[in-house]
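Q: Got a sequence here, can you model it:
(one chain, ligands or ions: 1)
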Amino acid sequence: MNPEETQAFEEKIYAFIGRENGPPKKGHDAVNEPMIRHWAEIMGDESPVYTDSEAAINSSKGGIIAPPSMLQTWSMEGYSMAGDFVQDVQRGLHNVFDEHGYTGVLGTNTTTEFFRDLKPGDEVTAHTVIDSISEQKATARGIGYFIETVTTFTDQDGEDVGRQVFRVLKFVPADGDASASSESTDDESPAAPTRIASPRGHDNGWWWNAIDEGKMLIQRCKNCQTLRHPPRPMCGECQSIEWDSIESSMEGEVFSFTTLHYPKIPGYDYPLCCAVISLNEGTRIVSNIVGIDHEDVTIGMKVKGNIEQVDEKTMLPQFYPAQAGE
Ligand SMILES: [Zn+2]
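A: I've put the predicted structure just below:
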């Protein structure tokens, strides 16, 4: 786009700022115990204030409350969301972007605030506004604009109960692919993307440092000898904070796995098989299974690991089928 076209485009998109996404959306159902119970069950959250009315009454909450993280669910449209695309103001805004080549979309971050606990009988309504659109930005994904929508949740009395900010990037994909793949074989491309760096803190830095030296360690309680992984400061069995480590044989079997196809994060090869591996020592570790077609991976398959350099900066354990003999 030339400067005039860019200006005309920006006038169009900025005209959306401050517009409501659509009429307020009132939840189909009031806050209710069955939905709370299902949520708590799926999330594995056993706090009694969600499901045990007697315990909840005797707690500081004075009765059953909904998990705060359910806030957004109360006003969701439900199954119809998966059907016909709702033509709302935000969709209209995205269409303007799409028509001008900004076909990529990436959710970048969201923040939610909770103003009070919701209790059975509360009725939640969501009000969403296109709150802001950034100036044009050059991002790793391509040139684009950040769009921020703000949803305010109100109760039956019109009082605010929570607020959610959601930010997406609409961008021109570098290779014209809206799936936002940024893999490239172009010789002119900058340094090949590396994998996401391991988070090294006080409690786990030692483990990653050993990986860099080609050793996979397993933390061991000095008091009761229980092995644990991932690394953490205290033994779950005896609460001792004294520990040492043993070196893993890196032999084990596939406990569970999943294969990722999308979204393609730069630095990784796809399909990417991510597995929970039960090591012979007894602990489990999440790693990649390589050296085999992902469709041939099975639960219970014996695997053997190596520590390998997977990109310019990263050493990682990688697991192969044991019969491959590595
Ligand atoms: Zn212990």
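Q: Apart from its chain neighbours, what residue comes closest to the residue in the stretch 51-200 of the chain positioned nearest to the ion?
A: When scored by Cβ to the ion, the stretch 51-200 of the chain has R200 as its residue closest to the ion, at 24.1 Å. To be clear about C-beta, it is placed using only N, CA and C from the backbone, and glycine gets the same treatment. In space, R200 comes closest to W208 once its chain neighbours are excluded; the distance is 5.1 Å by Cβ to Cβ, 6 or more residues apart in numbering.
Q: and that neighbour, helix, strand or coil?
A: Assigned with DSSP: H, G, I helix; E, B strand; the rest coil, W208 falls in the helix class.
Q: Do I have it right that it meets K215?
A: No. Checked against Cβ atoms under 8 Å, the pair W208 and K215 is beyond contact range at 11.0 Å.
Q: residues contacting A40?
A: Contacts for A40 (Cβ atoms under 8 Å, 6 or more residues apart in numbering) come out as E46, S47, Y50, T51, P67.
Q: which residue ranges form the strands in this protein?
A: Applying DSSP state E to the chain gives strands spanning 25-26, 104-114, 125-133, 137-139, 142-154, 160-171, 217-221, 227-228, 243-247, 251-260, 272-279, 284-289, 302-309, 315-321.
Q: As TSV, those strands with distance to W39 and mean neighbour count would be great.
A: Putting the strands of the chain into TSV (distance: least, Cβ to Cβ, whole Å; neighbours: other Cβ atoms under 10 Å) gives the following:
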stretch	distance to W39	mean neighbour count
strand 25-26	19	16
strand 104-114	15	15
strand 125-133	17	19
strand 137-139	35	12
strand 142-154	16	20
strand 160-171	16	19
strand 217-221	34	20
strand 227-228	30	18
strand 243-247	36	14
strand 251-260	23	16
strand 272-279	25	19
strand 284-289	26	19
strand 302-309	35	18
strand 315-321	35	20
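Q: and the ones you listed as JSON lines, adding distance to R37?
A: Putting the strands of the chain into JSON lines (distance: least, Cβ to Cβ, whole Å) gives the following:
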{"stretch": "strand 25-26", "distance to R37": "22"}
{"stretch": "strand 104-114", "distance to R37": "20"}
{"stretch": "strand 125-133", "distance to R37": "23"}
{"stretch": "strand 137-139", "distance to R37": "42"}
{"stretch": "strand 142-154", "distance to R37": "21"}
{"stretch": "strand 160-171", "distance to R37": "21"}
{"stretch": "strand 217-221", "distance to R37": "37"}
{"stretch": "strand 227-228", "distance to R37": "32"}
{"stretch": "strand 243-247", "distance to R37": "39"}
{"stretch": "strand 251-260", "distance to R37": "26"}
{"stretch": "strand 272-279", "distance to R37": "28"}
{"stretch": "strand 284-289", "distance to R37": "30"}
{"stretch": "strand 302-309", "distance to R37": "39"}
{"stretch": "strand 315-321", "distance to R37": "39"}
